[in-house]
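Colleague: Got a predicted structure plus its sequence, pasted below:
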Amino acid sequence: MTTRMINFGGNVTIDPDSLCRVVSESEVLAALQANPGKRFRAIGSLHAWSEAAVTDGVLIEMSGLNSVSISEDRKSAWVGGGCKVKRLLQELAKEGLTLPSVGLIDEQTVAGATATGTHGSGNHCLSHFIEAVRVAHFDQDGNAILSTIDSGKELLAVRCSLGLLGVIVAIKFTIRPQYNIQEHAARYETLADVIAMESTCPLQQFYMIPWSWSFFGHHRVETEQPRSKLAGLYRLYNFCVVDVSLHLVVILFTRILKVSAALRFFYRWILPLTIARNWKVVDDSHAMLVMEHELFRHIEIEVFVPGSKVQQATDLLADVVRVFAGESQFQSADTSELLQSVDQQETLQGLAGRYFHHYPICYRRVLSDETMLSSGAPSDTVAADEDWYAISFISYQKPSDREGFFAFANFIAPLVSQLFDGRCHWGKYNPLRREENQAAYRDFEAFGEIRKAFDPEGCFGNHWFDEVT
């Protein structure tokens, strides 16, 4: 009997031949050994929008592998691959500890989060802080074995492995003492102005507000100050206004009423009035860095561009958003020339009116990583120490109404790749093909060789990975 599963975004369906729920490393090895010749994928919370978890073979459900073991020196922790980031942070907090990097959402399992390069803002991605990995795979004779990878190029590969080296059963993370963050919000007219705030607030994330084209920054900096007395009220404000009310407004005008003019008015005149500006609050890093972004079903594409090209990319992408919404004039003088350089201007005009983007566009700075395939991994065309900017486009349309979003995402992904040496997040909607991914990562071919050594028969991929890696 097969078990159909649907991911969080409602855009990916998985119909495995069989489902194995495991609670130990030995059960993972037994599942591999009992299914010779089949393909395997491991799943956690299914919070990815790409086809990374899809298989028609054996699906291994990992939530039972959720142990957390902190080292005696309190500098590292071994964590079961199926442990959710949320649970890991809670267990570390009991000991006054935390992770060096925390993403926007904590619902993913650690294996899924690291395998796809999950990141926060103003730091390396979580994969960068992996010290060792235990992975179940097949040897050259077809026997299921368990290997510990803790050094060399193999470690760089397994830190963000896409699940292609085998089933990740445990990860050893660098950990650190808990810390507080001071946060406040402010509004800016230009991208340059909000980026300039990184010098004093290096952990900030910020948003470009569509249809007003202004910017709001959530400015964040680590601090020795104690938790603010009003921190609880600030968290309640963020939950009620940002996590809930904003999304209800977007869903009302996007899914139900489908009135784009109302959203234009809302972003230009109403939203700015709801932002509590310059209210400086100190709270625990976990509370500050994580949002309740999973409360409402959505789909997302996240593109990454080098810091030196983020202004040019922003100007172009804003014009693409305008044209998809039906506007005919470019606001940036460079847009026409850039589109013509890749022979895409007529294509874009043919897509005019196909999609109205209805949600703030999120920016996060990602430091360069010591990995092979994460969002901040080295590139032949980008300086080794250059930061990357993640730019997220999120849609709250019903799954049945996403044709326009997919047309938009399928247009901007290769555009960012060709014009700005960009790449897409592996765990979010990612339409890039193998040749584009190969150009984006310096160690793409080296990863492929390591993959063959750990998976000589190609048992841990799927049809999507066959096309993109």
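Modeller: That came in fine, so what should we check first? Model, not experiment: these values are computed from the prediction.
Colleague: Quick check, Thr347 in contact with Phe411.
Modeller: Yes: applying C-beta atoms under 8 Å, one finds Thr347 in contact with Phe411, separated by 7.2 Å. C-betas here are computed from N, CA, C, even on glycine.
Colleague: Those two: who's more crowded?
Modeller: Legend: neighbour count by other C-beta atoms under 10 Å for Thr347 and Phe411, higher for Phe411 (20 against 12).
Colleague: can you pull the pLDDT of that one?
Modeller: On pLDDT, Phe411 comes in at 98.
Colleague: what do you get for the one 3 residues further on?
Modeller: Taken from the predicted model, the pLDDT recorded for Pro414 is 98.
Colleague: Hmm, it is touching Leu432, no?
Modeller: Yes: between Pro414 and Leu432 there is a contact under C-beta under 8 Å: 6.7 Å.
Colleague: Counting neighbours, go ahead and name the busier of these two.
Modeller: Remark: of Pro414 and Leu432, Leu432 carries more neighbours, 22 against 17, as counted by other C-beta under 10 Å.
Colleague: That one touches Ser417, doesn't it?
Modeller: Yes: the pair Leu432 and Ser417 qualifies as a contact (C-beta under 8 Å) at a distance of 6.1 Å.
Colleague: so what's in contact with those two at the same time?
Modeller: Common neighbours of Leu432 and Ser417 (criterion: C-beta atoms under 8 Å, 6 or more residues apart in numbering): 423-424, 440.
Colleague: Which of the residues you listed sits closest to Pro399?
Modeller: Ranked by distance to Pro399 (C-beta to C-beta), the shared contacts of Leu432 and Ser417 are led by Cys424 at 20.1 Å.
Colleague: ok, and what's touching the helix ranked longest in the chain?
Modeller: In terms of residue count, the longest helix belonging to the chain (DSSP state H) is helix 403-420. If you take C-beta under 8 Å, 6+ apart as the criterion, helix 403-420 is touched by 299, 301, 303, 305-306, 309, 312-313, 316-317, 320-321, 324, 338, 341-342, 344, 347-348, 351, 354-357, 393, 395, 397, 422-424, 429-432, 436, 439-440.
Colleague: What of stretch 380-390?
Modeller: Contact with stretch 380-390 is made by 119, 302-308, 310, 313, 362-368, 375-376, 378, 421, 425, 439, 442, as judged by C-beta under 8 Å, 6+ apart.
Colleague: Show me which residues of it are buried.
Modeller: By 16 or more other C-beta atoms under 10 Å, the buried positions in stretch 380-390 come out as 382, 387-390.
Colleague: from the middle of its chain, how far away would it be?
Modeller: Chain-centre distance of stretch 380-390: 17 Å, with C-alpha atoms, centre = their mean, to the nearest Å.
Colleague: swap in stretch 141-153?
Modeller: Its chain's average C-alpha position is 27 Å from that of stretch 141-153, according to C-alpha atoms, centre = their mean.
Colleague: what comes up buried for that stretch?
Modeller: Neighbour count says stretch 141-153 has 144, 146, 149 buried, by 16+ other C-beta under 10 Å.
Colleague: so of those, which ones are in strands?
Modeller: Among those, DSSP state E puts 144, 146, 149 in strands.
Colleague: Just the closest of these to Gly64, please.
Modeller: Closest to Gly64 out of those is Leu146 (16.4 Å), distances taken as C-beta to C-beta.
Colleague: and Phe40, bridged to which residues?
Modeller: With DSSP bridges as the criterion, Phe40 is bridged to Val58.
Colleague: wait, what's in contact with it?
Modeller: By C-beta under 8 Å, 6+ apart, the contact set of Phe40 is 31-32, 55, 57-60, 167, 459-460.
Colleague: now swap in Arg451 and tell me
Modeller: By C-beta under 8 Å, 6+ apart, the neighbours of Arg451 are 157, 164-165, 469.
Colleague: so who does Leu271 touch?
Modeller: Under the criterion of C-beta under 8 Å, 6+ apart, the neighbours of Leu271 are 209, 212, 246.
Colleague: out of these, which are inside strands?
Modeller: In this view, these that belong to strands under DSSP E are Ile209.
Colleague: Ramachandran angles for Ala185?
Modeller: Taking degrees, to the nearest 10, you get phi -110, psi 150 for the backbone angles of Ala185.
Colleague: So for the strand or helix carrying Ala446, what gets flagged as buried?
Modeller: Assigned by DSSP states H and E, Ala446 falls within helix 444-454. By 16+ other C-beta under 10 Å, the buried positions in helix 444-454 come out as 444, 447, 450-451, 454.
Colleague: Stretch 300-309 too?
Modeller: Under 16+ other C-beta under 10 Å, the buried positions of stretch 300-309 are 300-307, 309.
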